[in-house]
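Asks: got a predicted model here, sequence first, then my questions.
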Amino acid sequence: LNTHLKALPQMNSKLLALVTAVVAAAGGGSKSSVQNDPRWEEVRSVLDEWPKNACDNSTCWMNNFAVSVGNTEGRVFEHQVGRLISFKTPLLVASGSKFPATLAILGTVEDGYVDLDEPVSTYLEFWTKNGSDPRSRVTLRSLLSFTSGFYDSGVAGSQPCMTKASYDFVKCAQQIYEHAPFAFEPRTVFDYNSYHLQLAGAVACVASNMTIAQLIDENLVKRLSLNLARYFPKNNPMLAASLIINGDDYERILRK
């Protein structure tokens, strides 16, 4: 690693410590008292120095970004570095897609369509009810906690249908169920892969009688009053990785 890159962990620790100190010191103070804390200037200084410490030879990784900090009263700090990315810039947020997708799925629990601890076979007719098969004990809770028993030896987990824009979302979930590796008793092993949310999304869609596009629109975009957020492709999105959203909308999600 370049010596500049080696400095990033120390900068990150300093930044986190500064932000934590300001917010903690404010306690139950007003939004304006937090905003006016002079230590934010030091935070701005650290952020402005970040780009020059995020370069490896001739490649710089973070020249443009925007940072906000908020509490229960709203945004108390914001700072933009560079001109290309603001809080209104739509970005693909990769694994930042998981939390909003989970909220959309949990909307069907809130509305009474799905029970977190009911076997998935209650909702998906292709799912086994055979007690000798541990998949029969998979629930929405185990899917959303990434402890369903499905795993992948790679980084993310993928089946061919997951990359086909026109493929039916629920039918793709069936392909995952039939072909993705399964090795663990549900609720015993955490495995970070994309299968869990695809299967959970299928449960939510079938139980609520909505397409995945309708589910995202009703339970996420409309329910949280988002302006730009969208998963792609619309009819067969990878819920764990395909959200396009801007900073303003993501902040709305976190505040709700």
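Replies: Structure's in. What do you need?
Asks: the most centrally placed residue in the chain and Phe87: what is the separation?
Replies: Residue closest to the average C-alpha location in the chain (Cα atoms, centre = their mean): Lys98, at 2.7 Å. Using Cβ to Cβ, to the nearest Å, Lys98 is found at 21 Å from Phe87. Heads up, the C-betas are built off the backbone N, CA and C, glycines and all.
Asks: quick one: contacts of stretch 118-138?
Replies: 114-115, 139-140, 143, 148-149, 170, 173-174, 177-178, 182, 184-186, 199, 202-203, 206-207 (Cβ atoms under 8 Å, 6 or more residues apart in numbering).
Asks: out of those, which end up buried?
Replies: Buried subset of the contacts of stretch 118-138 (neighbour count, 16 or more other Cβ atoms under 10 Å): 114, 139-140, 143, 148-149, 170, 173-174, 177, 182, 184, 186, 199, 202-203, 206-207.
Asks: ok, which stretches of the stretch 1-150 of the chain are helices?
Replies: 3-6, 8-26, 31-35, 40-49, 98-110, 140-144 (DSSP state H, counting those that start in this stretch).
Asks: Leu224 is nearest to which of the ones you listed?
Replies: The closest of those to Leu224 is helix 98-110. By Cβ to Cβ, the value is 7.6 Å.
Asks: can you get me a residue count around Lys88?
Replies: 12 (other Cβ atoms under 10 Å).
Asks: so it sits against Tyr250, correct?
Replies: No. Lys88 lies out of contact with Tyr250 (Cβ atoms under 8 Å); the separation is 11.5 Å.
Asks: got the helices of the stretch 1-150 of the chain as a markdown table, with mean pLDDT columns?
Replies: A markdown table is the format used below for these (pLDDT from 0 to 100):
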| stretch | mean pLDDT |
| --- | --- |
| helix 3-6 | 45 |
| helix 8-26 | 69 |
| helix 31-35 | 76 |
| helix 40-49 | 89 |
| helix 98-110 | 98 |
| helix 140-144 | 98 |
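Asks: of the ones you listed, which stretch is the most buried?
Replies: For the helices of the stretch 1-150 of the chain, average neighbour numbers computed from mean count of other Cβ atoms under 10 Å are highest in helix 140-144, which has a mean of 23.
Asks: which elements pack onto it?
Replies: Secondary-structure packing of helix 140-144 (3 or more Cβ pairs under 8 Å, 6 or more residues apart in numbering; DSSP states H and E): helix 98-110, helix 195-208.
Asks: now distance to Ser13 too, for the ones you listed, in TSV please.
Replies: Below are those laid out as TSV (distance: least, Cβ to Cβ, whole Å):
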stretch	distance to Ser13
helix 98-110	24
helix 195-208	31
